[in-house]
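>>> sequence first, predicted coordinates after that:
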Amino acid sequence: MPIRSIRVAANGLTFRVDECGEGDRLALCLHGFPESAFSFRYQLPLLARLGYRAWAPDLRGYGESSRPHGVSAYTIGALRADVAGLIDAARAKSVLLIGHDWGGGVAWSAAMQKVRPLERLIVLNAPHPLSLLRGMLRLEQLRRSWYMFMFQLPWLPERLLGADHAARIARAFVNGAVDKSRFPAEVTDVYRENALAPGALTAMLNYYRAMPLAFLDASNWRTPRIETPTLLLWGEEDIALTKQLALDARRYVNNLTLHFLPGVSHWVQQEAPERVNALIEGWLTTPQPA
């Protein structure tokens with residue numbers, strides 16, 4: 001099925017959304033850093049074939065979506081409100097929420113806080129927020145998370161990531177991937193161009209700069225357990241996140257299905273779309289216990 005680009009007004013912002021399929025069952029796909037809606041190009045047609053109207057928005061600050069100013073515009077609360085606003089704009093009768101990386105973190109949080117009723121939740125290489133918090137107490141995860149601390153600095157991360165026509169953005173995909181053939185120049189150029197849009201890198205980095213605000217806000221942790229049936233897919237060769245973070249999710253999810261994908265990196269849905277799509281389809285077509 002063809003993927004079309006639409007504009008959606010939600011939560012006081014305008015989002016550019018890749019849409020595939022139609023109907024009143026929404027599959028909302030949230031991308032990560034430094035990606036865009038394009039990262040779900042392999043999943044949108046599958047979801048449409050399964051009867052969903054599949055939406056993959058450029059998240060706030062990314063691509064052609066609205067780019068509000070200031071770190072406080074990128075708190076997890078603001079991102080959760082975007083999810084609620086997009087669901088309301090779709091006027092959906094049921095919602096499947098899917099997230100990868102940062103989008104996965106937002107999806108976890110939206111499910112924790114029950115911003116809107118969810119039919120099911122799918123997360124790709126993103127730890128439950130409390131799993132990440134616990135993980136940062138372990139030396140191995142702390143070592144892998146060095147970049148999160150570097151991103152707290154003003155202006156320097158923008159300078160480094162934007163240098164040489166955002167060459168480091170392309171290298172983040174290629175160097176992190178196991179199957180590097182999945183990230184030719186025509187793919188990484190999409191992300192490089194998005195990052196080079198005026199103000200985009202600062203907006204993208206503000207997700208990380210707002211993280212300390214999330215950890216200090218007790219309201220984000222009041223309801224950590226998730227009752228929504230959840231599928232967690234995890235590329236084992238993730239250089240930024242340890243497998244233990246995925247295993248820790250069992251502490252916080254009542255109905256969790258966990259699949260590890262050996263030989264696959266953090267960029268799981270782009271690097272192994274055939275395996276990811278097969279697992280998603282199998283899970284979505286299997287009835288969940290009442």
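Structure's in. What do you need? Quantities reported herein were computed from a predicted structural model and do not represent experimental measurements.
>>> ramachandran coordinates for residue 18?
Recorded main-chain torsions at residue 18 are phi -80, psi 130, according to degrees, to the nearest 10.
>>> thought it was touching residue 3?
Yes - if you go by CB atoms under 8 Å, residue 18 and residue 3 touch, sitting 5.2 Å apart. In this view, the C-beta of every residue, glycine as well, is placed from N, C-alpha and C.
>>> residue 259 looks like it's in a helix, true?
No - Residue 259 is assigned strand when assessed by DSSP: H, G, I helix; E, B strand; the rest coil, not a helix.
>>> overlap of the contact sets of residue 18 and residue 3?
41, 44 (CB atoms under 8 Å, 6 or more residues apart in numbering).
>>> the two: who's more crowded?
residue 18 (23 against 17; other CB atoms under 10 Å).
>>> give me the pLDDT value at the more buried one.
Looking at residue 18, its pLDDT reads 98.
>>> what does residue 290 give?
On the pLDDT scale, residue 290 gets 59.
>>> and for residue 132?
91.
>>> for it, which non-adjacent residue is closest in space?
residue 245 (6.4 Å; CB to CB, 6 or more residues apart in numbering).
>>> so where is this structure shaky, pLDDT-wise?
218, 221, 289-290 (pLDDT under 70).
>>> can you give me the helices for it?
Along the chain, counting by DSSP state H, helices occupy 43-49, 76-90, 102-113, 129-135, 139-144, 146-150, 156-176, 185-196, 200-209, 211-216, 243-248, 268-271, 273-284.
>>> CSV for the ones you listed, including distance to residue 256 and mean neighbour count?
CSV is the format used below for the helices of the chain (distance: least, CB to CB, whole Å; neighbours: other CB atoms under 10 Å):
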stretch, distance to residue 256, mean neighbour count
helix 43-49, 20, 22
helix 76-90, 20, 20
helix 102-113, 12, 25
helix 129-135, 12, 19
helix 139-144, 20, 13
helix 146-150, 25, 12
helix 156-176, 25, 16
helix 185-196, 30, 17
helix 200-209, 25, 22
helix 211-216, 23, 15
helix 243-248, 10, 18
helix 268-271, 17, 24
helix 273-284, 11, 17
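>>> which one of the ones you listed lies nearest to residue 226?
helix 102-113 (4.9 Å; CB to CB).
>>> and the residue lying closest to residue 172 once chain neighbours are set aside, what does it touch?
Take residue 172 and drop its neighbours on the chain: the residue closest to it by CB to CB, 6+ apart is residue 34, 6.4 Å away. By CB under 8 Å, 6+ apart, the residues touching residue 34 are 161, 169, 172, 191, 194-195, 204.
>>> quick check: the farthest pair among those residues?
Most distant of the contacts of residue 34, by CB to CB, are 172 and 194, 12.9 Å apart.
>>> how close does residue 247 get to residue 271?
21 Å (CB to CB, to the nearest Å).
>>> neighbours of residue 6, just the number please.
11.
>>> now stretch 270-287 - C-alpha only, PDB.
Provided in PDB are the C-alpha atoms of stretch 270-287 (Å, rounded to 0.1, in the frame of the first residue of the first chain):
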ATOM      1  CA  GLN A 270      15.200  -0.800   9.700                       C
ATOM      2  CA  GLU A 271      18.000  -3.400   9.800                       C
ATOM      3  CA  ALA A 272      15.800  -6.500  10.100                       C
ATOM      4  CA  PRO A 273      12.400  -5.400   8.800                       C
ATOM      5  CA  GLU A 274      11.500  -8.900   7.600                       C
ATOM      6  CA  ARG A 275      12.100 -10.500  11.100                       C
ATOM      7  CA  VAL A 276      10.500  -7.600  12.900                       C
ATOM      8  CA  ASN A 277       7.400  -7.500  10.700                       C
ATOM      9  CA  ALA A 278       6.900 -11.300  11.100                       C
ATOM     10  CA  LEU A 279       7.100 -11.000  14.900                       C
ATOM     11  CA  ILE A 280       4.700  -8.000  14.900                       C
ATOM     12  CA  GLU A 281       2.200  -9.800  12.600                       C
ATOM     13  CA  GLY A 282       2.300 -13.000  14.600                       C
ATOM     14  CA  TRP A 283       1.800 -11.200  17.900                       C
ATOM     15  CA  LEU A 284      -1.000  -8.900  16.500                       C
ATOM     16  CA  THR A 285      -2.900 -11.900  15.000                       C
ATOM     17  CA  THR A 286      -2.700 -13.900  18.200                       C
ATOM     18  CA  PRO A 287      -5.600 -13.300  20.600                       C
END
